[in-house]
Each structure stands twice: as structure tokens, then as C-alpha cells.
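1. sequence first, predicted coordinates after that:
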Amino acid sequence: MTTPESVCPVCSATVAATDTFCEACGASLHGAQALPPPSPDDTEPTLRPVSSASTCTECGGQVGDDGFCDTCGRKAPSPRDHWSEQPTPWVAGVCDRGVVHTANEDAMALAAAADRPFAVLVVCDGVTSAPHSDRAALAASRAACEYLTAVPATAGSLAAAVSHWANALQVAASEANAAAVGVSHTMGDPVEPPSCTFVAAVVTDALISVAWCGDSRAYWFPDAGDGRQLTVDHSLGTELIASGKSLAEAEADPSFHTITRWLGADSVEHDAELASVSIDGPGWLLVCSDGLWNYAAELGEMAARLDEVSRSVGPDPLPMAAALVEWANAAGGHDNITAALARCLPSLRLDQEGASRG
């Protein structure tokens, strides 16, 4: 029998305790505990909500239950405009609306184990041209993070670990896509359905595994040695550069940021691309949306920015992520901005080659 208290953890539709899949969005329920019923504003990050201000930032008046100031009528800032997460001292992220956009269509979901070096960082960027893509981004990031945190650890060779997490990330991308499609279903399947980019990174001690669709990125910056961009943008910009154009020439093209792969009901290709890298020393994993890397598109520029931030605010990932967001806003804030960081301190050395792309 279906109970009102049991809802799909992806689209919040009512489900029965015995259901294996959600009838509304098709997401696998995996026997996981259902989320509580959603709030009236289902774009709010209900996993770790940030309280709305009760005092108007414009005139100092009282903000009513409807979210508007009783004195001047100004809408209060939404918790969705800016929030941060720090599940452990070594993992944190900040998601921000930016300066130009009126809504934050970025989303993130972070998780980390308390008893072992394991973390999941997921960032999704809603496609601005498709209405309500903020909902798709939030649902997709949460679905992928929840799936990956439930995947059991693996023991054995590096090759076995790479294969294990590649398979898990591919499933997580499918779960994220089902979540984005589920949002479209709840809206009556509009002609232009909500959609988003996707990037997820899993840290398992000395291995980082990544999956992505679109142009949100993941980087590895070791303390010693050269940094590395782990993802390759699925965009027309990448194709322009591949055709022989310089980065500056490609960036000047209006189609530079047009993505060629994404999640959502209208996605032609939503299978994730995969990469992994073994790490034998400390460093930083950065997962971000294009609202950040727009201002440091070259690898060396991002490495220099991260080093400057670390020197100025210290090695805590939360103030570092906040400083990166502040820097992007100061540079113009033309897009939503998400920066998620993990301070990786591998305790094991894996001597085999860890790079793998599928």
C-alpha cells in the first residue's frame, strides 16, 4: 500500500514501499530510504538547506511567509541563490547565482565517508535556454551522489578499481539522467524540457574517477608536478579548437559554449565519458561549472588561481571554494558559479598507470 510519507528520492512522486522503480520518473529506488515530502518550492536544496533571511536586505522590513517584503515588496534572496556544503573537513563546495543571472541554475551534491578516504563530488549546470533547468540540475546531482555513496568499496588491483568505479559512474550518470527526465515528467513533458550538464568525481584514496556530459569540468592539481584537466568539454568550442582554431579564436565564436552532450528528456547522447587518474601525493581535486572556468579557461590559469587562493585564505576547502566564487563574481559573474574541492592525501601508492578513458 502506498503511504503519503514515502516519496521518490529523485522526483518526489509518491511511491510504495515495495516499489523497485518510480512510476513517475523511472528512477531506480534501490531500496533506499525515501526523502521527506518536498517543500512548496521544489527548487530549494532540501538536503542541506540554508535559511532565507527574515529581514529585507533592501529596506530592513519583515519578509513574509510568501518570500516578499511586507514593506517594499522586494523578493527575499532564495536559499537557492547561494549555498555551501562541507560534509567533511577535506571536502567542500559553494554554489552561487552569480551577478548577471536572476536565478541559480547550477547545483551540486557532495558526500564523504567519516571512516575512510572516500568522497563524491557532483556538479550540474542547468541549461539556461530550457525553463526550470535548475530543478533538473538539482535532481540530477542529488541522484548521482546518492547512488555513488551507496556503491560498495572494492579491493584488489588498480585495474579492478578503475573498472569498478567506471561502471558505477556510468550507472550514476544514467540515474542522473533519469532524475532530469523525471523533472520533465512532473511538468507535463514540455516541448523544451529542462536539462543540464553533469560531472561527477569519486575519490577512493589514491584513485580519482570521473564521469561527465557537457562542459562542466574536473581538474587534478598535485602539490608537486603539473596539473591536469580530467575532462574534455562536450561543446562546439572543443570542436572549433580541434579544427585548428586557437583558444582565443574559439572563445570569440558565439557558438563556443554550445554543448553537444547533456542530460534531459531531449538528450541525443547522455552516456557519460569516463576518465581516471592514480595519485601518489597530496593535491586538490576541483570540480566546477563553466561559470568558474570561463575566467581561467587554460589549465595554467586555473592552477595559478587555485594556488593564489590557497595562499590567501589557507588550505581549508570551504573558504577556498568561496574565494574562487568571489573571484569569478568580481570578474563579471556572467554565469552561475559552482566550485567544489577535495583535499586529497593518498595513503597508498599505486605504481601502475592510472589514466583510463572510455
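-> Cool, got the structure. Numbering: from 1, shown residues only.
2. name all residues that make contact with the residue of the chain most remote from its centre.
-> What lies farthest from the middle of the chain is T71; by CA atoms, centre = their mean that is 36.9 Å. Taking CB atoms under 8 Å, 6 or more residues apart in numbering as the criterion, T71 is in contact with C56, C59, G60, G61, Q62. Placement of C-beta: from N, CA and C, glycine included.
3. let me know the closest of these to D189.
-> Lowest distance from D189 to the contacts of T71 (CB to CB) belongs to C56, with 38.0 Å.
4. quick one: contacts for the closest residue to the closest one other than its chain neighbours?
-> Counting by CB to CB, 6 or more residues apart in numbering, C56 lies nearest to C69, which is 3.8 Å off, once chain neighbours are set aside. Going by CB under 8 Å, 6+ apart, C69 touches C56, E58, C59, G61, Q62, V63, K75, A76.
5. how about 6 Å then?
-> By CB atoms under 6 Å, 6 or more residues apart in numbering, the contact list for C69 reads C56, G61, V63.
6. chain center to the helix or strand harbouring Y147, what's the gap?
-> Using DSSP states H and E, Y147 maps to helix 133-150. Helix 133-150 sits 8 Å away from the centroid of its parent chain (CA atoms, centre = their mean, to the nearest Å).
7. what's that helix packed up against?
-> Using 3 or more CB pairs under 6 Å, 6 or more residues apart in numbering; DSSP states H and E, the elements in contact with helix 133-150 are strand 106-112, strand 118-125, helix 158-186, strand 195-196.
8. again, only using 10 Å
-> strand 91-96, strand 106-112, strand 118-125, helix 158-186, strand 195-196, strand 198-204, strand 207-213, strand 263-264 (3 or more CB pairs under 10 Å, 6 or more residues apart in numbering; DSSP states H and E).
9. tell me the pLDDT at the residue nearest to P87 when sequence neighbours are not counted?
-> Nearest residue to P87, sequence neighbours excluded (CB to CB, 6+ apart): A112, at 4.6 Å. At A112, the model reports a pLDDT of 94.
10. burial count for A112?
-> Counted by other CB atoms under 10 Å, the residues lying close to A112 total 20.
11. mind listing what it touches?
-> 86-92, 118-121, 149, 203, 342 (CB atoms under 10 Å, 6 or more residues apart in numbering).
12. over to D96?
-> Contacts of D96 by CB under 10 Å, 6+ apart are 81-84, 104, 106, 289, 291-292, 321-322, 324-326, 328-329, 333, 336-339.
13. just the buried residues out of those residues, in PyMOL syntax.
-> Entered in PyMOL, the line below selects the buried ones among the contacts of D96, by 16 or more other CB atoms under 10 Å:
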select buried, resi 81+82+83+84+104+106+289+291+292+321+322+324+325+326+328+329+333+336+337+338+339
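14. quick check: can you list the domain ranges of this protein?
-> Domain ranges of the chain: 1-38, 81-357, per automatic domain parsing.
15. okay, the ones you listed, which one's buried deepest?
-> Mean neighbours per residue, mean count of other CB atoms under 10 Å, is largest over the domains of the chain for domain 81-357, with a mean of 20.
16. by mean pLDDT, show me the worst of the domains of the chain.
-> domain 1-38 (a mean of 46).
17. from T238, how far out is the residue positioned nearest the centre of the chain?
-> Residue closest to the average C-alpha location in the chain (CA atoms, centre = their mean): V123, at 0.8 Å. From V123 over to T238 the distance is 18 Å, taken as CB to CB, to the nearest Å.
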